[in-house]
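>>> fold the following, please.
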Amino acid sequence: MFENLTGRFSAIFNKLSGVKKLDEATIKETLRDVRRAMLEADVHFGATREFCANIEKRAMGTEVMESLTPGQMVIKIVHDELEALLGGQAFPFTLPAGMEAKIMLAGLQGSGKTTTAGKLAKRLASEGRKPLLAAADIYRPAAIEQLRVVAERVDVPFFEMGTNHTPLEIARAASKYAKSQGLDTIILDTAGRLHVDQEMMAEVRDVKVGWLPTATLLVVDAMVGQDAINQAEQFHSTLDIDGTILTKLDGDTRGGAAISIRHVTGKPIVFAGMGERLEDLEPFYPDRMAQRILGMGDILTLIEKAQSVIQEKEALELQRKMRENEFTLNDFLDQIRRVNQMGGVGQMMQLLPGMGGMNMPGGMPGLENEDMRHTEAIILSMTQKERVTPQIINGSRRRRIAQGSGTSVNEVSRLLKQFKEIRQMMRTVTGGTGGKMTRKMMRKMSGIPGLGSMFGGGGPQLPMPGGGGGGLPGSGSKSGSRSSGSKRQKDKKKKRKRH
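Coordinates of the predicted model:
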C-alpha cells in the first residue's frame with residue numbers, strides 16, 4: 001500500500017545523503033517535499049501539519065545542524081516522528097484471563113468486518129482462548145451465512161438467531177450460550193451500512209450500553225482514503241471505540257488513512273489485515289510500520305513469520321540435509337508451501353530493507369503465485385522415487401510429468417536443471433564443500449519460478465538491502481549493475497572486432 005510514499009521518501013533521503021552541512025534553506029526544502037509527499041498519499045492535513053512542525057523543531061536543533069552526518073540525523077527524526085504519528089508504542093491486545101471477554105466489531109458494509117471476525121477468532125484460539133462467533137447483522141441474511149462459513153473455516157463455534165431479534169438481544173443470548181458451552185470470548189459481528197447514518201449509530205450504541213463489551217473495535221477499510229478518517233471520527237464520537245483494525249493494508253491505494261486514523265481518533269491501531277487469508281492479521285507495531293514506509297524493511301515481522309511455520313528442529317534438519325546433499329524435491333516442495341504460508345515471496349520481499357518501494361509481486365517475473373503453483377504442480381506430478389532421485393527422470397518420464405502438471409517438457413527440464421544447481425549452491429552455503437558462493441552461483445537460481453528474482457536474475461536487479469550506509473535509506477551508493485553491464489557489452493564488441 002505504501003509503495004508510492006516509500007518511493008517519495010527514498011527520493012527525499014537520496015537528496016540528503018550527499019549533504020555535508022545542513023542549513024535552514026535545506027531543511028525547509030526537505031520539509032516542503034515531505035509535506036507534499038504526505039498530502040499526495042492522502043494523509044490528513046492536520047496530521048501532516050503537526051508531523052512537519054515536529055520535524056522542523058527537532059531538525060533546527062544544534063545536534064542536527066552540527067552533526068557530521070546531518071542527512072542521516074534528519075532521516076532518524078522523520079522515522080521517530082512517523083512512529084509517533086502512528087501511535088508510538090504498540091498496543092498489546094490482551095483479554096482478562098479466566099474471565100468472559102466480549103468484543104464488538106463495528107464498521108461500514110464492505111469494510112471487512114466478517115472476515116476480520118474470523119481472523120481475530122483464529123488468532124485468539126491460537127493464543128489459548130475459546131472464541132464464539134456471533135452474527136448480529138439482522139438486515140442481511142447472507143451476512144449470517146457468510147459468518148457461518150468463516151466460523152467453519154477457522155473451526156470455532158458459531159451463534160445466530162436469524163433476523164427477528166434486535167442486535168442487543170442477540171448479544172445477550174450469545175453470552176448465555178458461550179457460558180453454557182464453556183467458551184470465554186464472544187466476537188460480535190454487527191451490521192454495516194453503505195454510509196454512516198443515525199439509525200445505525202443508535203443501534204450499535206444500544207449494544208454498547210446494554211451489553212458492555214470488553215473491547216469495541218472499529219474495522220476500517222484502508223483503501224477508502226479520506227472517507228476512512230471521517231468514518232473513524234463519527235464512530236468514535238458515538239461509541240468511544242477502544243481501537244481500530246485496518247483491513248486491506250496489502251492493497252495498492254495511497255495509504256494515508258492508515259497514517260491518519262491514530263492522529264484523528266487518539267485510539268490505537270490494534271491489528272492490520274495484510275491479506276485475504278485467515279492467517280493474515282498482524283498486531284500493529286508503529287515502529288515496524290514506520291520502517292516499512294521509509295523503506296527500512298521489517299526484519300522482526302519476517303522472523304516472526306518464519307518462526308510461525310518452521311520449528312528450530314526442522315530448520316536444523318533442513319540444514320543437515322543441505323550440507324550432506326540429501327535435499328530432495330520433497331524438501332523443496334515443503335519449502336515452497338512454507339513460503340506460501342508466510343504470505344508468498346512478494347510479501348516476504350516487502351519486509352526486506354530497500355524493497356518496500358518496489359512494485360511486487362506483479363511487476364517482477366518469478367514472484368507471481370502462478371509461477372509457484374506451476375513449480376508445485378510439476379513436483380506433485382512426480383513419483384516419490386523421482387522426487388528423491390531426480391536423476392532417473394528420462395525423456396518419457398518428463399513427458400508424463402509435463403502432461404500430469406499441465407506444463408511443457410521444457411519447463412520440467414528447466415526445473416530439474418535448476419534444482420540440481422540450487423542443491424549444489426545450498427551445500428556450498430552450509431559448508432558441505434567448504435567453498436564460497438559466488439555471484440555466478442546465485443545467478444543459477446535466477447530462473448526458478450517463484451524464487452528467481454530474489455537472486456538477481458529473471459527480472460530487474462534488486463538493490464542490496466540497506467546500501468552502504470548502515471541500513472538507512474538514501475545513504476548507500478547507487479547500484480553498479482548498469483555500469484558493469486555496459487562494460488560487458490564493450491568487451492563483446494572488442495571481441496567481435498578481433499575476430
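>>> mean confidence for the helix or strand hosting Arg320?
Under the criterion of DSSP states H and E, Arg320 resides in helix 312-323. Averaged across helix 312-323, the pLDDT comes to 71.
>>> repeat that for stretch 227-245.
Taken as a whole, stretch 227-245 has a mean pLDDT of 87.
>>> what comes up buried for it?
228-229, 231-232, 235-236, 238-239, 241-245 (16 or more other Cβ atoms under 10 Å). For glycine as for every other residue, the C-beta is placed from the backbone atoms N, C-alpha and C.
>>> low-confidence ranges in the protein?
Scanning the chain for pLDDT under 70 picks out 1-2, 61-70, 225, 250-255, 295-315, 340-371, 426-499.
>>> most centrally placed residue in it?
Met274 (4.9 Å; Cα atoms, centre = their mean).
>>> my guess is that residue meets Leu249, correct?
Yes - between Met274 and Leu249 there is a contact at 5.5 Å, judged by Cβ atoms under 8 Å.
>>> pretty sure Ile187 sits in a strand.
Yes - per DSSP: H, G, I helix; E, B strand; the rest coil, Ile187 lies within a strand segment.
>>> from Ala135, how far out is the residue nearest to the centre of the chain?
25 Å (Cβ to Cβ, to the nearest Å).
>>> ok now the top helix by length along the chain, how far from the chain's centre?
Secondary structure assigned by DSSP state H gives helix 409-429 as the longest helix of the chain. The chain centre lies 29 Å from the centre of helix 409-429; the measure is Cα atoms, centre = their mean, to the nearest Å.
>>> equivalent analysis for stretch 108-119, please.
With Cα atoms, centre = their mean, you get 18 Å for stretch 108-119.
>>> and Ala178, what is it in contact with?
Going by Cβ atoms under 8 Å, 6 or more residues apart in numbering, Ala178 touches 100, 132, 159, 184-186.
>>> quick one: the helix or strand containing Asp331 to helix 409-429, angle?
Per DSSP H and E, Asp331 falls inside helix 329-341. Counting by axes from the mean of the first three to the mean of the last three Cα atoms, to 10 degrees, helix 329-341 points 90 degrees away from the direction of helix 409-429.
>>> would you mark the buried spots in helix 329-341?
Counting neighbours by 16+ other Cβ under 10 Å, the buried set in helix 329-341 is 329, 331-333, 336, 338-340.
>>> closest to Leu85 among those residues?
Of all the buried residues of helix 329-341, Leu85 sits closest to Val339, with 32.7 Å by Cβ to Cβ.
>>> on that earlier part again, list phi and psi for the residue nearest to the centre of the chain.
phi -110, psi 20 (degrees, to the nearest 10).
>>> do the same with Met99
Backbone geometry at Met99, expressed as degrees, to the nearest 10, gives phi -130, psi 160.
>>> with Met201 instead?
Residue torsions, per degrees, to the nearest 10, at Met201 are phi -60, psi -40.
>>> then Leu281?
Per degrees, to the nearest 10, the backbone of Leu281 is at phi -130, psi 110.
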